[in-house]
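I need the structure of the sequence given here:
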Amino acid sequence: MAAFDYVALDERGKEKKGVLEGDSARQIRQALRDKGFTPLSVDQAKEKSKGAGLNLSFSGKGHISTPDLSLLTRQMATLIQSGLPLEEVLQAVANQSPKASVKSMMLSIRSKVLEGHSLANALGEYPGAFPKLFRSTVAAGEHSGHLDSVLESLADYVERQQMAVRKIKMAAIYPVILSFVAIGVVVFLLTTVVPDIVEVFDTSKQELPPLTAGLIAVSDWLMAYGHFLLIFIVLLVVGYKFQMSRSEGFERKAHQLYLKLPLISRIAQGADVSRFTSTLSILTSSGVPLVESLAISSEVMQNRVLREAITVTSDKVREGASLKNALEQTGHFPPLMLYMVASGESSGELEGMLKRTAEQQERELESLVSTLVGLFEPLMLLFMGGIVMVIVMAIMMPLMNMNTLVS
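Numbering: from 1, shown residues only. Here you go, the predicted structure:
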């Protein structure tokens, strides 16, 4: 049986959408007519748009969100642990989902499993929703006979990644809002308040102090060319993103620069090392060979230079080098991580040490972001206070000169 997406009109003429299982589209149309529906379209459920990539955040047709992926993974693990057959597990997960797209996807995967495909192969029909990391781990779980525990670990992994991204985004929201407000206040003062006060100075015909003259010049420039500056900034951002997506050389140079900038390097490296070690831990603990695990884990890293370093590491491990020595020779990984990897290799507990490394990197990154956000607020307030003070002084100085002349 296969899953079919349908669009039909009910007895009141209202459009209904849903998913049904059947042997053919004709059978689905007949089932709809038996319910009193008028079928408009019946199509076999399949992925609308296939994406490659290992990002755990998805949107659009044929994809599922990270919370949905975590939830259905957890549901599958729980039901498999209870002893239900896999096809019944997939049917139950599909029925539990309130989203038609997820239900359609799960029923389609169930149809593949009923045809004799493995779960990992069935998930491969939707690479945009189930990335290579997910499918490889599931395949290892099927081969080892521990699919339930592997799915449980995958659910934990997805939730940790989601939580880490959420924490960083939440920490960055306040500084971004504060920055926009600060810039908005300064632009408002220079383009609205200052020009009104300048008219007073124009009528007095007095010589203005250099600070006031400079402020008026900046205000005039913003009034005349501010929109061009805004357009230039937008074009600069769009051009940068375009070059990053089209030119591998440009992307590599930009990522090299990220790793050299004082604070940005610690954030970029910390986030990638955390993702890499966490992914490598779950893959190796699930029985995926180390060389293959390294290749898969490299794809979750955002920085191109670090991805290439892991590729070199994978080649050296394949040739017989230890993981610690191969990582150390790249020169891109923190000493504490290398020490823990060496300890894991010597004790035979590499998976556990990798998990500890990922947790340590996550804590360090969270602490760094929190510290930066804590410092940003007073620095931004000092900056805003300084700007406002300069504007007030530039306005008050000629007024005081006018009072002196009157006296």
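
Isn't Pro67 up against Gln162?
Yes - using Cβ atoms under 8 Å, Pro67 is in contact with Gln162, at 6.9 Å. Yep, even glycine has a C-beta here, placed from its N, CA and C like the rest.

More neighbours: those two, which one.
Taking other Cβ atoms under 10 Å, Pro67 and Gln162 do not tie; Gln162 has more neighbours (17 against 12).

out of everything not next to it in sequence, what's closest to the more buried one?
Nearest-residue entry for Gln162: Thr66, 4.7 Å, with adjacent residues in sequence omitted and distances by Cβ to Cβ, 6 or more residues apart in numbering.

Check Ser314 too.
Per Cβ to Cβ, 6+ apart, closest to Ser314 is Leu294, 4.0 Å.

ok, then the element right after the helix or strand of the chain with the lowest mean pLDDT?
Within the chain, no helix or strand scores below helix 194-204, which has a mean of 66 by mean pLDDT, DSSP states H and E. The helix or strand immediately downstream of helix 194-204 is helix 210-246, counting by DSSP states H and E.

Pull out the buried residues from that following helix.
Thr212, Leu215, Ile216, Val218, Ser219, Leu222 (16 or more other Cβ atoms under 10 Å).

where does the fourth one land on pLDDT?
What the model reports for Val218 is a pLDDT of 80.

give the contact list for the nearest residue to it once chain neighbours are set aside.
Nearest non-adjacent residue to Val218, counting by Cβ to Cβ, 6+ apart: Leu190, 6.1 Å away. By Cβ atoms under 8 Å, 6 or more residues apart in numbering, the residues touching Leu190 are Leu215, Val218, Ser219, Leu222, Ile391.

mind putting those in a markdown table, distance to Ala77 included?
As requested, the contacts of Leu190 are exported to a markdown table (distance: Cβ to Cβ, whole Å):
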| residue | distance to Ala77 |
| --- | --- |
| Leu215 | 64 |
| Val218 | 61 |
| Ser219 | 63 |
| Leu222 | 58 |
| Ile391 | 60 |
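
just these now: which is nearest Ser118?
Leu222 (63.4 Å; Cβ to Cβ).

The closest one reaches Leu189, doesn't it?
No - applying Cβ under 8 Å as the test, Leu222 and Leu189 come out as separate, 10.3 Å apart.

got any residues that touch both of the two?
With Cβ under 8 Å, 6+ apart, Leu222 and Leu189 have no common neighbours.

contacting residues around Ala164?
Residues near Ala164 by Cβ under 8 Å, 6+ apart: Ala271, Ser274, Glu362, Leu365, Glu366.

would it count as being in a helix?
Yes - counting by DSSP: H, G, I helix; E, B strand; the rest coil, Ala164 is part of a helix.

separation between it and Glu359?
11 Å (Cβ to Cβ, to the nearest Å).

ok so, going back, most neighbours of all the contacts of Ala164, which one?
That'd be Ser274 among these, by other Cβ under 10 Å, with 24 neighbours.

Just the pLDDT for that residue.
The model's pLDDT for Ser274 equals 83.

do the same with Ala2
On the pLDDT scale, Ala2 gets 60.

Over to Ile231?
pLDDT, Ile231: 91.

do you know how far it is from Val186?
Taken as Cβ to Cβ, the span from Ile231 to Val186 is 19 Å.

Tell me which helix or strand Leu40 sits in.
Short version: Leu40 belongs to strand 38-44, going by DSSP H and E.

Give the other helices and strands that whichever helix in the chain runs longest contacts.
Longest helix in the chain, counting residues (DSSP state H): helix 350-406. With contacts taken as 3 or more Cβ pairs under 8 Å, 6 or more residues apart in numbering; DSSP states H and E, helix 350-406 sits against helix 147-188, helix 194-204, helix 210-246, helix 262-285, helix 335-347.

Output these in TSV; the columns should cover distance to Thr137.
Listed next are these as TSV, based on distance: least, Cβ to Cβ, whole Å:
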stretch	distance to Thr137
helix 147-188	6
helix 194-204	61
helix 210-246	29
helix 262-285	6
helix 335-347	19
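
tell me, which of the ones you listed is the model least confident about?
helix 194-204 (a mean of 66).

list the contacts for Glu207?
Glu207 neighbours (Cβ under 8 Å, 6+ apart): none.

And for Ile168, nearest residue in space, chain neighbours not counted?
Val369 (6.0 Å).

how many neighbours does that neighbour have?
That count, for Val369 with other Cβ under 10 Å as the rule, works out to 20.

That one and Ile267 touch, don't they?
Yes - here Val369 reaches Ile267: they are 7.1 Å apart, a contact under Cβ under 8 Å.
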